[in-house]
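1. Next input, structure requested:
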Amino acid sequence: MWNQKPSYRFEIDNFSEKKSVITSQVFVSGGCEWCLKLYPKGDGVVKLDDYLSLYVNVANPKSLRSGWKRIANFYFVLLNQSDKELYRSPIGGQESTPFCAASPSWGWRYFLSLSKFQKTGLLEDDRLIIEVYINIVEAFDGEEEDVSSQKEETVDINGFHVVATQVTPVTKIFEEHPDLAEDLKVKNQVVKTVYMNVLLNLIETLNKLSQNHSETELRNAHSELSELVEVGFKLDWLKLKLDEVSLKRKKADVDVKKLEPVDLDFKMDPLKTKIEEVPLERKKSDDADWSRVHQLEERLKNLELMELDLKLDCLKSKLEEVSLEKKKADAGVQQLEGSVKNHVIMVSDLKVELDNEKAKSSADGFLLVD
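-> Okay, the predicted model is just below:
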């Protein structure tokens with residue numbers, strides 16, 4: 001008969017980044033230990049890059065006795081983060097193909113086309129959730145063997161064979177809850193030991209601080225508790241503990257959600273102030289920069305004017321020097337011209353005198369030869 005709750009819930013984050021096999025934690029269903037194995041790129045037996053491969057495995061098969069066998073039906077449900085069903089497999093497992101030492105794993109090599117699955121766009125936040133439902137038809141734990149020298153010594157406490165490290169916690173449980181296993185339906189000692197291990201692990205899980213429990217951990221704890229109750233354990237006291245832990249976890253989540261907006265507003269206020277200060281600081285910086293630029297431009301202009309004045313003064317001095325030289329030259333020319341005129345006059349006067357002398361000599365009967 002199928003249980004309404006999944007036997008195990010397997011949550012995988014960053015699914016698209018996974019390349020190699022992903023193995024779940026060991027869980028118990030029907031008094032048997034199981035685990036799931038997911039191959040994102042196929043199981044490697046053949047090239048299956050476009051297919052997911054998914055299997056149910058008997059956990060730790062080498063620890064079981066010779067001849068062990070499990071006949072079980074199972075199916076998988078794939079969900080996204082919003083718990084929306086993406087895919088439901090057909091029911092697998094049949095009497096002709098039991099789980100055994102030769103075949104401890106059953107499932108589907110061509111479970112789901114990866115490209116088709118990813119194209120749907122239904123996988124939220126890259127998180128894949130796998131729920132497995134297992135219905136045990138028959139479980140045979142094999143023949144007794146003389147392996148006392150290989151197995152750890154056990155102690156019988158109220159019909160449960162437990163190892164030395166479990167004696168104290170199991171004894172305490174029966175002291176506080178003596179009717180714990182009065183209605184237990186399971187008689188097989190190996191199965192009873194498996195269930196006792198589940199109970200001890202569940203108690204250990206619930207004794208952790210509430211804020212340290214993940215949502216998946218609490219879901220699996222509810223599934224394990226339901227199975228323990230189903231096989232006859234009286235666990236009303238543990239159910240109260242689980243409900244209390246779940247309530248504290250929910251309350252902590254609510255408190256965090258309430259605090260988040262307040263904390264965000266608290267962080268946003270100084271951030272807004274800083275953002276508002278940025279334009280003002282930038283304007284001040286720009287004004288200061290423009291002021292420095294203006295000052296530099298004024299200084300440059302002043303330097304240019306000073307340099308121009310110096311050049312003009314120098315040019316003016318040169319001009320004055322040239323004018324003075326020109327005046328001196330003009331005066332010299334004038335003096336020279338006067339001197340030349342005087343010489344011309346003198347030459348003219350001498351010529352007249354000479355002509356007169358010639359005329360006088362001619363009159364006296366002498367010829368003056370030049």
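2. With F10 as the reference, measure out to I129.
-> Here the criterion is CB to CB, to the nearest Å. By it, I129 lies 7 Å from F10. Where you see a C-beta, it was placed from the backbone N, CA and C, and this is true even at glycine.
3. Burial check on the closest residue to E153 other than its chain neighbours, number of neighbours?
-> Leaving aside its chain neighbours, E153 sits nearest to A164 (6.9 Å; criterion: CB to CB, 6 or more residues apart in numbering). By other CB atoms under 10 Å, 10 other residues sit near A164.
4. What of G92?
-> A count of neighbours around G92, defined by other CB under 10 Å, yields 17.
5. Let me know whether it touches A72 as I believe.
-> No. In this structure, G92 is not within contact of A72 by CB atoms under 8 Å, at 9.1 Å.
6. Please identify every residue contacting each of those two.
-> Common neighbours of G92 and A72, using CB atoms under 8 Å, 6 or more residues apart in numbering, are V56.
7. Go through this structure and flag its longest strand.
-> strand 128-140 (DSSP state E).
8. what does that strand contact?
-> If you take CB under 8 Å, 6+ apart as the criterion, strand 128-140 is touched by 1-3, 6-12, 15, 29-32, 34, 36, 38, 54, 56, 67-81, 83, 95, 98, 188, 191.
9. of those, buried ones?
-> 6-11, 15, 29-32, 34, 36, 38, 54, 56, 68, 70-72, 74-80, 98, 191 (16 or more other CB atoms under 10 Å).
10. In its sheet, which strands sit next to the following helix or strand past the longest strand of the chain, and in what direction?
-> Downstream of strand 128-140, the first helix or strand assigned by DSSP states H and E is strand 154-157. With DSSP bridges as the test, strand 154-157 is paired with strand 160-163 (antiparallel).
11. need the helices for the chain, in chain order.
-> Along the chain, the segments classed as helices by DSSP state H run 114-119, 167-176, 189-206, 215-230, 236-363.
12. pLDDT of the third one, averaged?
-> When you say that, I think you mean helix 189-206. Helix 189-206 comes out with an average pLDDT of 86.
13. Which other helices and strands does it contact?
-> If you count contacts as 3 or more CB pairs under 8 Å, 6 or more residues apart in numbering; DSSP states H and E, helix 189-206 packs onto strand 27-29, strand 32-39, strand 160-163, helix 167-176, helix 215-230, helix 236-363.
14. Before I go, just wanted to say thanks for your time.
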